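Novice: Model the following, please.
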Amino acid sequence: MVIGIVKEPEKEARVSLLAEEVKNIVDQGIEVWVEKGAGEKAYCLDDFYQKAGAILKSRRDLLHGADVILSIHQIELPEDLKSKVLIGIYQPLYHSSMIEKWAKNDHVVFSLDMLPRTTRAQTMDVLSSQSNVAGYGAFLIAAARYPHFVPMLMTAAGSVKPANLLVLGAGVAGLEAIATGHRLGAVVEAFDTRPVAKEEVESLGARFVMVEGAEDAAKAKGYAVEQSVEFQIKQKEKIAACIKKADIVITTAQIFGKKAPLLVTKEMIETMKPGSVIVDLAASTGGNTELTKDASEVLTKNRVTIIGNSNIPATFSSDSSKLYGHNISNFLKLITSEKGGLNLDFSDDLVIGTCMAKGGVIVNDRLNKIITEKQAAQTEKTI
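Specialist: A predicted model of the protein is given here:
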């Protein structure tokens, strides 16, 4: 079996596997091909891969010759390419067209962002590993743009008040943002629709903002769930009160497979102090603020900076790649035999849970439902 590692698009600095993980895979008797220059932005040079036992290839040769192709993002594949195993973070519920296209060419598609979030899956959980980086980076980016100090300082020249940090969403990214902000001296408040998040938030030194009456999120795979209109009104009032005094706001709330919930309105932003900073980690799925623009920065009339960035892990390319590579390596163990061959056991809940397409058809129920709804909407539009 040959595993191929492709170079990511221009704006992505991560790579699927660093040389250290490649060496472990090569030691198992599996051949690894790496597209030339694939790891350069993650500071893993071609020489490092060669020393680890990998073989450098052109993109064309790699795509046609490898059995398993690793990429973080969706990639364009040649029309004549058939029957490959594709592994990455493909966001199939948002980008179903590409998965359909791959299915028609008989590719077996594994999207690791669809991995069931169980105890057994923790070592393969790419969303958690990359969210840790995102939460850490979000606060550092905000602090760098904030025109004041973060911690309280008492000097001969006078005292400086600490920054007030508000984190909306206390999942993996939110908790890391809370921890980083608290360590650097910010006064932290955090909001989450899940009451169970209160203990974690407070253990990190933050105050938990409670809103009563939230829907149970226990079955939402770590994401937020859609809330009732009554709850949303109460939530809006509570966030509006908190955001007036916030200097830095980090938003992380996403609903699995749907548009991100709108938590921060234009009117709320207009009440913020000049120089305040918002970092929206949900930008790629619509954003948690009314003014967020994905992969860009907005400066409002009252001088509040809104940074829409869903790809902060790429900023910390080396360690992000290291963590992602550990996840990938553990997943590869599920689909390879002891002798280094491909062994796709679709009776395994993690294997079938991440599989989007095989045998020329879409096999994920949720993705099939989205595709069917799109087709019905298109038919109705045509009529």
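Novice: Next, please give the residue ranges for the helices of the stretch 1-150 of the chain.
Specialist: 19-26, 46-51, 59-65, 96-104, 126-145 (DSSP state H, counting those that start in this stretch).
Novice: Ranking these by mean neighbour count, which comes first?
Specialist: Among these, helix 126-145 has the highest mean neighbour count (mean count of other C-beta atoms under 10 Å), at a mean of 22. (C-beta placed from N, C-alpha, C; glycine too.)
Novice: helices or strands next to that one in the packing?
Specialist: helix 172-183, strand 248-251, strand 277-280, strand 305-308, helix 317-334 (3 or more C-beta pairs under 8 Å, 6 or more residues apart in numbering; DSSP states H and E).
Novice: Output the below-cut-off pLDDT ranges for the protein.
Specialist: 216-225, 383 (pLDDT under 70).
Novice: how about 90 then?
Specialist: 117, 193-195, 210-234, 255-258, 338-339, 374-383 (pLDDT under 90).
Novice: quick one: furthest residue from the center of it?
Specialist: A156 (44.1 Å; C-alpha atoms, centre = their mean).
Novice: What are the structural domain limits within the chain?
Specialist: What automatic domain parsing lists as the domains of the chain is 2-124+317-382, 132-310.
Novice: Just the terminal-to-terminal distance for the shortest one.
Specialist: So the one you mean is domain 132-310. Terminal residues of domain 132-310 lie 13 Å apart, using C-alpha to C-alpha, to the nearest Å.
Novice: about what we covered before: any chance of the helices and strands packed on helix 126-145 in JSON lines, with mean neighbour count and distance to G286 too?
Specialist: Shown next, in JSON lines, are the helices and strands packed on helix 126-145 (neighbours: other C-beta atoms under 10 Å; distance: least, C-beta to C-beta, whole Å):
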{"stretch": "helix 172-183", "mean neighbour count": "24", "distance to G286": "16"}
{"stretch": "strand 248-251", "mean neighbour count": "30", "distance to G286": "11"}
{"stretch": "strand 277-280", "mean neighbour count": "28", "distance to G286": "10"}
{"stretch": "strand 305-308", "mean neighbour count": "22", "distance to G286": "10"}
{"stretch": "helix 317-334", "mean neighbour count": "20", "distance to G286": "23"}
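Novice: Can you tell me which of the ones you listed is nearest to E31?
Specialist: Ranking the helices and strands packed on helix 126-145 by distance to E31, with C-beta to C-beta as the measure, places helix 317-334 first at 13.0 Å.
Novice: Give the next helix or strand downstream of that closest one.
Specialist: Later in the chain than helix 317-334, the nearest helix or strand by DSSP states H and E is helix 349-354.
Novice: can you list the residues that contact the very next helix or strand once past that next one?
Specialist: Using DSSP H and E, the helix or strand that follows helix 349-354 in sequence is strand 355-358. Defining contact as C-beta atoms under 8 Å, 6 or more residues apart in numbering, one finds that strand 355-358 is touched by 90, 92, 99, 102-103, 107-111, 114, 344, 346, 362-364, 367.
Novice: let's go with 10 Å and repeat that
Specialist: 85-86, 90, 92-93, 96, 99-111, 114, 335, 344, 346, 348, 352, 362-364, 366-368 (C-beta atoms under 10 Å, 6 or more residues apart in numbering).
Novice: Would you mind giving the helices of the stretch 1-150 of the chain as CSV with distance to D319 added?
Specialist: Conversion of those to CSV gives the following (distance: least, C-beta to C-beta, whole Å):
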stretch, distance to D319
helix 19-26, 12
helix 46-51, 16
helix 59-65, 25
helix 96-104, 28
helix 126-145, 7
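Novice: ok, K7 - contacts?
Specialist: 15-16, 34-41, 59, 62, 71, 75.
Novice: With adjacent residues omitted, what lies nearest to it?
Specialist: A38 (4.2 Å; C-beta to C-beta, 6 or more residues apart in numbering).
Novice: ditto for S129
Specialist: The shortest distance from S129 to any non-neighbouring residue, by C-beta to C-beta, 6+ apart, is to L323 (4.1 Å).
Novice: F191 too?
Specialist: V209 (4.2 Å).
Novice: contacting residues for that neighbour?
Specialist: Residues near V209 by C-beta under 10 Å, 6+ apart: 166-168, 170, 189-192, 198, 201, 235, 238-239, 241-242.
Novice: I278 too?
Specialist: By C-beta under 10 Å, 6+ apart, the residues touching I278 are 142, 145, 166, 168, 243, 246, 248-251, 264, 268-269, 272, 287-289, 291-292, 298, 300, 304-308.
Novice: do the same with K161
Specialist: K161 touches H148, F149, P151, M152, L153, V187, D247, counting by C-beta under 10 Å, 6+ apart.
Novice: Help me confirm that the fifth one comes into contact with A163.
Specialist: No - counting by C-beta atoms under 10 Å, L153 sits too far from A163 to count as a contact (11.2 Å).
Novice: if I read this right, L140 contacts T180, doesn't it?
Specialist: Yes - using C-beta under 10 Å, L140 is in contact with T180, at 7.0 Å.
Novice: Quick check: I370 vs I99, distance?
Specialist: I370 sits 10 Å away from I99, going by C-beta to C-beta, to the nearest Å.
Novice: Same check on V249?
Specialist: For V249 relative to I99 (C-beta to C-beta), the value is 34 Å.
Novice: again with L17
Specialist: 23 Å.
Novice: Distance-wise, check the residue farthest from the centre of the chain relative to F149.
Specialist: According to C-beta to C-beta, A156 stands 16 Å off from F149.
Novice: same question, G4
Specialist: Where F149 is concerned, G4 sits at a distance of 48 Å (C-beta to C-beta).
Novice: mind listing the strands in the stretch 101-250 of the chain by residue range?
Specialist: 108-111, 153-155, 158-160, 164-168, 187-191, 207-209, 248-251 (DSSP state E, counting those that start in this stretch).
Novice: how about these, which one is nearest T379?
Specialist: Among the strands of the stretch 101-250 of the chain, strand 108-111 comes nearest to T379, with 25.4 Å by C-beta to C-beta.
Novice: which secondary structure elements does that closest one contact?
Specialist: strand 85-88, helix 96-104, helix 349-354, strand 355-358 (3 or more C-beta pairs under 10 Å, 6 or more residues apart in numbering; DSSP states H and E).
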